[in-house]
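Trainee: Fold the following, please.
(2 chains, ligands or ions: 1)
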Amino acid sequence: MKPAPFRYADPRALDEALALLSEDGAKVLAGGQSLLPLLSMRLAAPAVLVDINRVPGLDAIEVDDTGVRVGALVRHSTLLADEGAARVQPLLARATANVAHPAIRNRGTTVGSIAHADPSGEMTSVLALTDGTVTVASAAGTEVLGWRDFFVGPLETSIPGGAVVTSAFFPALPQRSGTAFAEIARRKGDYAVCGAGVVVTLDGDRRVESARASYVSVGLTPEVHDLTDAVAGAPVEQADWAAAGELARTLVDPDTDIHASADYRRLLVGVLTERTLASAAAEAVAGATRE
Amino acid sequence: MTTKLFGEPVRRREDQRLITGKGRYLDDIGHTALAAAFVRSPHAHARITDIDVDEALDVEGLVAIYTYEDLTGPMAEPLPVLIPHPQLHAPRTGFPLANGEVNHVGEPVVMVVATDRYVAEDACDRIVVSYEELPVVVGVDAARAAEHAVHEEIPDNVAARHHQETGDVEPALAAAPRTLSFTQYIERSACMPMEGKGVHAKWDADDSSLRVYTSTQASTSVRAAIAAKLKLSLDKVEVIAPDVGGGFGVKIVHPWPEELLVPLAAINLGREVKWAEDRREHFIGSAHERQQRQEITVGYDDDGRITALDVHIWHDNGAYTPYGIIVPIVTATQLVGPYALPVYRVVVESVFTNTVIVTPYRGAGRPQGCYAMERTMDRIADDLGLDRAVVRERNLIQADQFPYDHRLTFQDGRPVIYDSGDYPGLLDKLRTLVGWSEAEHLRADAAERGKLLGVGMALYVEGTGPGPYEGGHVQVLGSGKVLVSTGLTSQGQGHETAFAQIVASELGVPIEDVEVTTGDTRRFGYAVGTFASRAAVMSGNAIALAARGVREKALRIAADVLEAAPEDLEIDAGLVQVKGVPGTSIPLRTVAVLSNPLRYAFDEAAKQATQFAKAGDDDKPPVAVGDAPGLEHRDYYSPIRSTFASGAHAAIVEIDPATWEIDVVKYAVVHDCGNVVNPMIVEGQVHGGVAQGVGGALYERMAYDADGQLQNASFMDFLMPYASEVPNIDIDHQQTPSPLNPLGIKGAGEAGVIPGTAAIASAIEDAVGRRIASMPISPTELYDLVRDPSSERTATAARREAGAMA
Ligand SMILES: Cc1cc2nc3c(=O)[nH]c(=O)nc-3n(C[C@H](O)[C@H](O)[C@H](O)COP(=O)(O)OP(=O)(O)OC[C@H]3O[C@@H](n4cnc5c(N)ncnc54)[C@H](O)[C@@H]3O)c2cc1C
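Mentor: Predicted structure coming up:
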């Protein structure tokens, strides 16, 4: 379990990084928590590792009313502890708390986990659920991509190898809304067998205006499922969250692996949907009451 | 003074070193050594048609490549069958490097030696081995069906048919008022020490001698194996086990191919060579244990008393049988547990599969035996509508029945005669500790919270400390330091502390003066090894005897100096003194100096000693006939048979009926290992064992697919429990000393793991009311089980439902 030979570069500027990345077989190294195990098992053998950890300007969390921008070098643990970010978009801290263990959160980056595009990652699904975007820099310039255009398949994004995701943007939680995130993993800190993040939005009369969910370890790429039909217009106290869970079960298409059957994952989708919607709704009510 | 330390919770002296990164493990040795890496079979069963190394030859830093063709003499022969047995009629072992055929994924085919491990792996990547794939056999059922053979010349895949019986089981079953027959399974797991295996070898060409460090549980035997296989004289081979990061059984197997090949390369190349196993290699190139299919028929009366038990087991031994049929024998003989069984018959068929070899993993066949017996007790209780504890109680061997002869033959070839115990005492303590009588309350409480609660228990008896022997050497130096050594090895159990406690207590010296060395053939040449919960029993007693020998000699010398009778002397705090006469004393270290008539005054100790030295008798030699210079003694302990420890565990589980997650909310252990040297160490052993028991019951399994590929060969997918998955453990002790050894102790190393699977299966069954007949069980499997209309409901569940409706 030793990597195949590779060259290593640690540029001090984004331009320099992009120039280095233009070489065939070059790869970005961020926190290394996903990439280094792949190298050690020789499942990846890049020619050059371009370590972006010393590139200035990529480590900021910027928070305003519209949302939270997370720089490429922000570690999971930093985002988890950021109160401003949690206020504007509570899903960030709620989901990050479920990413791995503290030691890995101290090194691994949130943007790296989005760039890694693992459908078992929490943050890919949060980017989707919040309808987020990523900013991508390459030799050709900088562009902003919506999550739908970014995630292509498991561990696959639409950006070329030479590009760096410089930040991810998570829009703020809408008014009269609440969120919740829950997951079931075999061991604490493991990748989820199934996870669910939800957003419930109420109308001015405290009726359910919308209910949306996104799942972890379910399907090949992150998806957002609109569950509003099951609960639309219901006064929040009477909303049938179980029906929303039932609806969710019919919308997902999970896989079987050695840890769980597709059926079991579908069961969990239903249960977690019901549980998280109820708690997100309670939060939305509390928020609406404060207004 | 704190010299009477036997029985005290003395802090582990090795911990500071081990937990502050000062341990010296295999990979800490030999930074400049060449590195070995292996090309291993990617196929579970195949013929090797070609090995092409050409591409690898260009790799800069490559030093040597070895294939089977390069092996000669004893190295070209199959690896030894360590423990042959007449019932092992078709033993098979692999070669150090595959000879034309591979029988499991991970079998070593080529060894590469290079300047470092990176380069060695680069070269491995470029070696092309061509294979002709053969049909693959995975799992006991496929082995038994024998549509394909693992070894062509063994068409039924049966390596051994182990058979024992204590009477005529068929008539006894026919006469039984009631009988039950059922089949159950248990899966593979593995030892998974944090440190994998590893070997470092250094050849001294001028001296023609070899020094080998290996992460082993049996350094003396590795030494003998290397000497035999590489045709070296035993005196030219030293083998040292440095700090070993866990063993749990896998490192008792020897010689591993790498333990021979690395020294071979070191000799050939005249360079230091090292190999440190990585995790993937450990998964596919070491050993696993535990897969069995168990068919059980039990006869019993209306009170739940067993009248006859008939067990037929198919045991998966993997591709080869280097460790003989120890695991099958242990399952067969330890299955009986604490129960009196009038008639018992057991057949274990040990079958080949195209998977990693099966050798003892902590518990070594006992968890399976316990699972068979204890689940039988649960079935009887369920059938009769009796409390599971009551059925067990009615079948227990009573405290006045010892020694109790089961009329079986144990792994050491000796009779299974339980030396001592108090099983009703264990059961009573367990019921209190876990709150057995409160179970229905707890169940109702949990139901209010929307949870399904279940309780389960399991009892076991464990033969520990088998022979043939272990030795100890104790030497007092003129500095006052007491050197202790024993040949068996340590893997973090706390031997240094426990052995130092024994010597401090026996000799009357401060524990700080005692230094313990284990597993170093330079210090002690004869040893068996650390396995079968034998270190404290075997080396502990040997060291105690050695310390007593030193004490006797010290008193003899001191008596002469102090002009007193040896019986009137005592040693306390390192001082030999006349009992009851303060002031008439001599330090033990001075006695050590006096014990050697050659006394150059190198240091203060020697100078001081001269004041006590008496003029010798001109008519006698300075060293008396039969005596020896020095204050030291070597002794051996060899037991007539194993001593039998025992215990009882109970688990309470809560299950979420929405997600089928299983939570062990309480785990209780009552433990009896005779006299306890250090209760803190024993509790630590119990904790670690329970963690592995919980792992084996709920998390771990070797996920082989039908092609013999291990799908979870990493810590990401092999779910060894974290601290967060291991429940809090409540422990109560009982001490029934062993009458067989001087210290009255029984082994404690494996106990914690044995009943986990049985107790947790019982608790889950109790919670969900469905028969649990296959372990381990995960939430996804439990979900499948409860919604399968054909899965069996327990009679207890039906009774409970009827009761609720009434
Ligand atoms: C034991 C363990 C458990 C884990 N459990 C979880 C878990 O439960 N949930 C979870 O989500 N994750 C988990 N992870 C993964 C962890 O979250 C990683 O930190 C994350 O997936 C990748 O972030 P990184 O910064 O370490 O990226 P790296 O490992 O450095 O890179 C990962 C990939 O992304 C690319 N990349 C990284 N940053 C950029 C960028 N800015 N632009 C373009 N490409 C980039 C790299 O080239 C590489 O292909 C776990 C990891 C471990 C080791």
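Trainee: Setting the sequence-adjacent residues aside, check what's closest to residue 218.
Mentor: Let's take chain A. Among residues not flanking A:V218 along the chain, A:P254 sits closest, at 4.5 Å (Cβ to Cβ, 6 or more residues apart in numbering or on different chains). (Each C-beta comes from the backbone N, C-alpha and C, glycine too.)
Trainee: was after chain B, sorry
Mentor: Nearest non-adjacent residue to B:A218, counting by Cβ to Cβ, 6+ apart: B:G529, 3.3 Å away.
Trainee: from what I can see the one you found touches B:A224, true?
Mentor: No. Applying Cβ atoms under 8 Å as the test, B:G529 and B:A224 come out as separate, 11.6 Å apart.
Trainee: neighbour count winner among those two?
Mentor: Taking other Cβ atoms under 10 Å in any protein chain shown, B:G529 and B:A224 do not tie; B:G529 has more neighbours (25 against 18).
Trainee: and the more buried one, helix, strand or coil?
Mentor: coil (DSSP: H, G, I helix; E, B strand; the rest coil).
Trainee: residues touching it, list them.
Mentor: B:Q217, B:A218, B:T220, B:S221, B:I252, B:L488, B:T489 (Cβ atoms under 8 Å, 6 or more residues apart in numbering or on different chains).
Trainee: how near is the residue nearest to A:V218 to A:P90?
Mentor: 26 Å (Cβ to Cβ, to the nearest Å).
Trainee: Between those two, point out the one with more neighbours.
Mentor: A direct count of neighbours by other Cβ under 10 Å for A:P254 and A:P90 places A:P254 higher, at 22 against 19.
Trainee: And the more buried one, what's its pLDDT?
Mentor: A:P254 carries a pLDDT value of 97.
Trainee: likewise the one 3 residues further on?
Mentor: Here the pLDDT value assigned to A:D257 is 96.
Trainee: got it, and B:Y404?
Mentor: 98.
Trainee: interface residues of chain B facing chain A?
Mentor: Contact residues, chain B versus chain A (Cβ under 8 Å from any Cβ of the partner chain): B:117-118, B:121-122, B:125, B:278-280, B:658-661, B:699, B:703, B:711-712, B:714, B:716-717, B:719, B:721-722, B:724-725, B:778-780, B:783-784.
Trainee: Give the ChimeraX command for selecting the buried subset of those.
Mentor: In ChimeraX, this line selects whichever of the residues of chain B next to chain A come out buried by 16 or more other Cβ atoms under 10 Å in any protein chain shown:
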select /B:117,118,121,122,125,278,279,280,658,659,660,661,699,703,712,717,719,721,725,778,779,780,783,784
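Trainee: before we move on, what SS does the one residue sitting closest to the centre of chain A have?
Mentor: Residue closest to the average C-alpha location in chain A (Cα atoms, centre = their mean): A:M123, at 1.6 Å. Secondary structure state of A:M123, per three-state DSSP, is helix.
Trainee: and the residue nearest to it when sequence neighbours are not counted, how many neighbours does it have?
Mentor: Using Cβ to Cβ, 6+ apart and skipping the chain neighbours, the partner closest in space to A:M123 is A:S113 (4.9 Å). A:S113 is flanked by 24 other residues according to other Cβ under 10 Å.
Trainee: Okay, and A:S113 sits in which element?
Mentor: helix A:110-116 (DSSP states H and E).
Trainee: For that helix, name the packing helices and strands.
Mentor: Judged by 3 or more Cβ pairs under 8 Å, 6 or more residues apart in numbering or on different chains; DSSP states H and E, helix A:110-116 is in contact with strand A:67-71, helix A:76-81, helix A:122-129, strand A:133-138, strand A:164-171.
Trainee: Tell me how many other residues crowd the closest residue to A:S40 other than its chain neighbours.
Mentor: Distance criterion Cβ to Cβ, 6+ apart; nearest residue to A:S40, sequence neighbours excluded, is A:M1 at 4.6 Å. Other residues near A:M1 come to 15 when the count uses other Cβ under 10 Å.
Trainee: per-residue pLDDT, A:M1?
Mentor: At A:M1, pLDDT is 91.
Trainee: my read: it touches A:M41, true?
Mentor: Yes. With contacts counted by Cβ under 8 Å, A:M1 reaches A:M41, the gap being 6.0 Å.
Trainee: Give the intersection of the neighbour lists for those two.
Mentor: Residues touching both A:M1 and A:M41 (Cβ under 8 Å, 6+ apart) are B:R280.
Trainee: before we move on, the earlier item: now what about the helix holding A:S113, what contacts it?
Mentor: A:28, A:30-31, A:33-35, A:70-76, A:79, A:96, A:99, A:121-124, A:127, A:134, A:150, A:155, A:157, A:159, A:165-168.
Trainee: out of those residues, which are buried?
Mentor: A:28, A:30-31, A:33-35, A:70-76, A:79, A:96, A:99, A:121-124, A:127, A:134, A:150, A:157, A:159, A:165-168.
Trainee: Pop the domain breakdown of chain A in here.
Mentor: If you go by automatic domain parsing, the domain ranges for chain A are A:7-51, A:61-171, A:177-290.
Trainee: do chain B as well
Mentor: B:32-134+B:197-244+B:251-285, B:292-466+B:640-805, B:467-637.
Trainee: Pick out the residue of chain A closest to the ligand.
Mentor: Per Cβ to the nearest ligand atom, A:G108 is where chain A lies closest to the ligand, at 2.0 Å.
Trainee: tell me the contacts of that residue?
Mentor: A:G108 makes contact with A:A30, A:G31, A:G32, A:Q33, A:S34, A:R75, A:H76, A:V99, A:A100, according to Cβ under 8 Å, 6+ apart.
Trainee: if we go to 7 Å?
Mentor: Contacts for A:G108 (Cβ atoms under 7 Å, 6 or more residues apart in numbering or on different chains) come out as A:G31, A:Q33, A:R75, A:H76, A:A100.
Trainee: Can I get these in a markdown table including pLDDT?
Mentor: Converted to a markdown table, these look like this (pLDDT from 0 to 100):
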| residue | pLDDT |
| --- | --- |
| A:G31 | 98 |
| A:Q33 | 97 |
| A:R75 | 98 |
| A:H76 | 98 |
| A:A100 | 96 |
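Trainee: Which ones among those also lie next to the ligand?
Mentor: Near the ligand, taking Cβ under 6 Å from any ligand atom as the test, the members of the contacts of A:G108 found are A:G31, A:Q33, A:A100.
Trainee: contacting residues around the host helix or strand of B:P171?
Mentor: For B:P171, the host element (DSSP H and E) is helix B:169-175. Here helix B:169-175 makes contact (Cβ under 7 Å, 6+ apart) with B:T179, B:T297, B:G299, B:T307, B:A308, B:D310, B:P342, B:V343, B:R345.
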